[in-house]
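Chemist: Sequence and predicted model, in that order:
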Amino acid sequence: MKYFTTFLLLVSFLLVTSNFAQDSAQVKKRVTNEMIEESLLVGAKSGNEGLSISSAYYLGETKSEAAVIPLMAMLKNSNSSEQAKVMAALSLFKIGDERGIFAIKQSIEFEQNETVKKMCKIFYEMHLQAKKVEAKN
């Protein structure tokens with residue numbers, strides 16, 4: 001009887017601790033994703049060109065709605081490099097928010113750099129194609 005009670009207590013302890021471990025892992029993951037997005041937003045706004053370009057890329061990959069305004073600013077900013085503007089446009093295209101798509105459309109007309117203008121035109125045409133396919137389905 002003594003062994004059975006000890007075994008029962010041990011099993012109960014393991015079940016309780018495993019439930020606590022799962023809950024804390026889920027909270028940690030949620031907080032980590034929020035922290036990652038915030039870090040990427042800070043990186044996109046930094047003065048370091050490489051950091052801002054790579055942050056813009058990952059914000060597009062994660063489809064971060066919070067990144068739309070900073071990416072639009074990066075696309076519009078005359079001090080941004082050609083590469084940064086193209087990456088901002090690509091990320092806005094990936095996110096798919098209508099404000100970002102409109103910023104891409106405006107860049108086709110008003111952007112000074114021909115490469116950025118060309119890439120924005122490609123992204124905008126891809127967006128229109130996707131809308132046509134979506135409308136057919």
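Modeler: That came in fine, so what should we check first?

Chemist: quick one: the helices in this protein?
Modeler: 2-44, 49-61, 68-76, 82-95, 98-110, 114-136 (DSSP state H).

Chemist: Stretch 42-62 - what's its average pLDDT?
Modeler: Stretch 42-62 shows a mean pLDDT of 94.

Chemist: show me what contacts the nearest residue to Pro70 once chain neighbours are set aside?
Modeler: Excluding the flanking residues, the one nearest Pro70 by Cβ to Cβ, 6 or more residues apart in numbering is Ala44, at 5.1 Å. Yep, even glycine has a C-beta here, placed from its N, CA and C like the rest. Each residue near Ala44 by Cβ atoms under 8 Å, 6 or more residues apart in numbering is listed here: Ser52, Ser55, Ala56, Leu59, Ala67, Pro70, Leu71, Met74.

Chemist: Any stretches of this structure with poor pLDDT?
Modeler: 1-31 (pLDDT under 70).

Chemist: for Lys76, what are its contacts?
Modeler: Ala103, Ser107.

Chemist: swap the cut-off to 7 Å and go again
Modeler: Ala103 (Cβ atoms under 7 Å, 6 or more residues apart in numbering).
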